[in-house]
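In: Here is a sequence together with a model predicted from it:
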Amino acid sequence: MTESESVVYRVVPKCACSTIGQIMYYSDHGTFFDGDIHDAKGGMHKWALDESQALITRNVQAHDSYAFTCVRNPYTRILSSFFDKICGIQRNGSRYRGKLVPLLIQKYGIEVGGEDGKQEFDQIKSFRRFLLFARDTIRWRRPMEPDIHWSAQAGHISTFIVNGGRYDKIFWTEKFNEGMGEVLSAIETPKQVDLDTIPRFNESEGHGPKRAHPVEDYFDDLAMHLVYEIYHRDFELFKYDFEDPSNKMPTGEIDLDEVHAKLGD
């Protein structure tokens, strides 16, 4: 939530969250946060900061501010998680979650491009094995709890509703300027934001190897089945095309009443 309480955003990892956070910061202060917005300890309210929780709770439950979130095609989101979190070296210079990558190499036979993530490897084979791991974490919570970067978007989005929130807007990463523009048009911000001049703050870019193949090449029939098992609610609620991994664009409009009804249990 911005310090001015102009707007509330439910973060969904791997869905332009760095850019959205920086836009919110800019809309209050007229400057961007110097560094990764996820590291900011001030300048905006965050659930992770103890002093912010009561303020956010009060605002959300009273629906005092416009509330929104952003979603992404499940096929491209899980691919991005693999290249960034599993193959990539994180901004602290080490592997994501310490022993996670060695565990995946040992238990699932996944390759990650060597020590620096820059070596050649069979991306498609390793990604499909990672999908098995992601499914195991989500379905059986083994060999560990599911990670926020590949757990279903519907799960992230539902916690806001279950705790008394209501979304005014859910938009797609794939139509970012259109969706974020609608949010900014609906709210009053201390500083004007010109979306056309805002840089994209892709904090994960450059962490891992570049994707060597089109999206659809990573998903054979079994991989599609696994993706549907994990993300069927994301496809249905946010109107993405399960049948065609090459089509990243939404196929219909998001029905906010449907989202609140199905995720508010």
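Out: Structure's in. What do you need? Numbering: from 1, shown residues only.
In: what about stretch 244-252, start to end distance?
Out: Stretch 244-252 has an end-to-end distance of 15 Å (CA to CA, to the nearest Å).
In: and that stretch, what's its mean pLDDT?
Out: For stretch 244-252, the mean pLDDT works out to 98.
In: cool, stretch 114-134 as well?
Out: Mean predicted lDDT for stretch 114-134 stands at 91.
In: swap in stretch 137-153?
Out: Computed over stretch 137-153, the average pLDDT equals 93.
In: In PDB, list the C-alpha atoms belonging to it.
Out: This file holds the C-alpha atoms of stretch 137-153, laid out as PDB (Å, rounded to 0.1, in the frame of the first residue of the first chain):
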ATOM      1  CA  THR A 137       5.600 -29.500  -3.600                       C
ATOM      2  CA  ILE A 138       2.100 -28.300  -4.400                       C
ATOM      3  CA  ARG A 139       0.300 -31.600  -4.300                       C
ATOM      4  CA  TRP A 140       2.100 -33.300  -1.400                       C
ATOM      5  CA  ARG A 141       4.300 -30.600   0.100                       C
ATOM      6  CA  ARG A 142       7.300 -32.800  -0.500                       C
ATOM      7  CA  PRO A 143      10.200 -32.600  -0.600                       C
ATOM      8  CA  MET A 144       9.400 -29.100   0.700                       C
ATOM      9  CA  GLU A 145       6.600 -26.600   1.000                       C
ATOM     10  CA  PRO A 146       5.600 -25.000  -2.300                       C
ATOM     11  CA  ASP A 147       7.500 -21.800  -3.200                       C
ATOM     12  CA  ILE A 148       5.600 -18.500  -3.700                       C
ATOM     13  CA  HIS A 149       7.200 -18.100  -7.200                       C
ATOM     14  CA  TRP A 150       5.500 -21.200  -8.500                       C
ATOM     15  CA  SER A 151       2.500 -21.700  -6.300                       C
ATOM     16  CA  ALA A 152      -0.800 -20.900  -8.100                       C
ATOM     17  CA  GLN A 153      -1.800 -17.300  -8.500                       C
END
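In: Residues contacting it from elsewhere in the structure, which ones?
Out: The contact list for stretch 137-153, computed with CB atoms under 8 Å, 6 or more residues apart in numbering, reads 12-15, 71-72, 74, 77-78, 81, 84-85, 97, 100, 103, 107, 133-134, 136, 156, 229-231, 233-234, 238. (Each C-beta comes from the backbone N, C-alpha and C, glycine too.)
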